[in-house]
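> fold the stuff below for me.
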Amino acid sequence: MPHSNQIFLLSEHRDTYKTLLAEKNLPDLCLTDEPEAAQIVLADPPLLSQSLDEFSQLEWVQSTFAGVNALTSPSLRQDYTLTNVRGIFGPLIAEYVLGYSIAHYRHFARYHQQQQNKQWQPHLYTSLQSKTMVILGTGSIGCYLGNAAKAMGIKTIGMNRTGIPTSGGEFHQTFHISELSKAFEQADIVVNTLPSTPETRQLLNRQTLSHLNKALLFNVGRGDVLDEAGLLFALKNRWVEHAFLDVFEQEPLSVEHPFWKLPQVTITPHIAALSFPEQVIEIFADNYLRWRDGFSLNYQVDFEKGY
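Numbers count the residues shown, from 1 in each chain. Below you'll find the model as predicted:
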């Protein structure tokens, strides 16, 4: 009889994953409810971070999220292979960023208000075709967004840790992260898609934001890349005209937080790009077959780098 591999599911969508896994009918894979029996865990990182030590046989964790910072803290064990999900969030992030950008520049919320008052009043708008978008991070999300923005006539500038342009031509220019001020001086729209690492923490602060002039700022990467006090100062000085924030240092955002009351801030509850279980299971199934056959896994996370 073939040796069976035990998998433990630890997700707020556990029932959905259980059903999808059964449908996949993967060879030599059995579900277990005993942490100490599992070699494989499919998990939401924040949930797993609290019980990691219970998994004594652990060899591989497939994260259901792209962001794995809950598991990369040096205080947690790192004696297993960690993979995340990639390649599925680009279209969702692009819809979010371009949707809100269009709504802003074309005054859609204002017309909605006017309709309530039966008020006929046109307003001048600008087209996205005259805009420059700076995208922090040139991974799969940044590249997909770059292409989508380019297709709408936006000039795209990518920023990464090397300053080396991507091969797909998604960006008109690519800057090294140290040249942030140079890029920001040209920016109408800034989008952060960066992961949380020691280098990116508080990268968007009073000093760096001061190089903007009435820009739109999107944070769809990680909450701690943005210094929240720095953003409040930037809004006051109109360096940032409007901030669209989907991620925060503390989630859920505290009811006392000043962001809630500011008309020039749009808050969404970490929904810009959800991990759809159907897509996660596709990635997992492909990786499981690789793992079973002894091949290296896709989307491995480097604990040192944090992504």
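> name the residue closest to the centre of this structure, please.
Central residue of the chain (C-alpha atoms, centre = their mean): residue 221, 4.0 Å from the mean position.
> buried ones in stretch 67-83, by neighbour count?
Going by neighbour count (16 or more other C-beta atoms under 10 Å), the buried part of stretch 67-83 is 67-72, 80-83. (Glycine included, C-beta is placed from N, CA and C.)
> so where does residue 61 fall, helix or strand?
For residue 61, the element it lies in under DSSP states H and E is strand 60-63.
> please disregard the earlier target; I meant residue 198.
Residue 198 belongs to no helix or strand, assigned by DSSP H and E.
> distance of it relative to residue 77?
Using C-beta to C-beta, to the nearest Å, we find residue 198 at a distance of 20 Å from residue 77.
> hmm, back to that, just the buried residues of stretch 67-83 now: which is nearest residue 43?
residue 71 (8.7 Å; C-beta to C-beta).
> so how far is residue 185 from the closest one?
37 Å.
> ok, now residue 225?
Residue 225 is 20 Å from residue 185, by C-beta to C-beta.
> higher neighbour count, these two?
residue 225 (24 against 12; other C-beta atoms under 10 Å).
> which ones are touching the more buried one?
If a contact means C-beta atoms under 8 Å, 6 or more residues apart in numbering, then residue 225 has 136, 192, 194, 196, 200-204, 219 as its contacts.
> please, where are all the helices along the protein?
14-24, 45-49, 90-105, 108-116, 140-151, 180-184, 206-209, 228-236, 277-292 (DSSP state H).
> tell me where the model's unsure across the protein.
When residues are selected by pLDDT under 70, those of the chain lie in 1-2.
> can you list the domain ranges for it.
Using automatic domain parsing, the domains assigned to the chain come out as 5-87+275-292, 90-267.
> just send these back as CSV, with distance to residue 301 too.
CSV is the format used below for these (distance: least, C-beta to C-beta, whole Å):
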stretch, distance to residue 301
domain 5-87+275-292, 4
domain 90-267, 10
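> quick one: closest of the ones you listed to residue 300.
Set against residue 300 and scored by C-beta to C-beta, the domains of the chain come closest in domain 5-87+275-292, at 5.5 Å.
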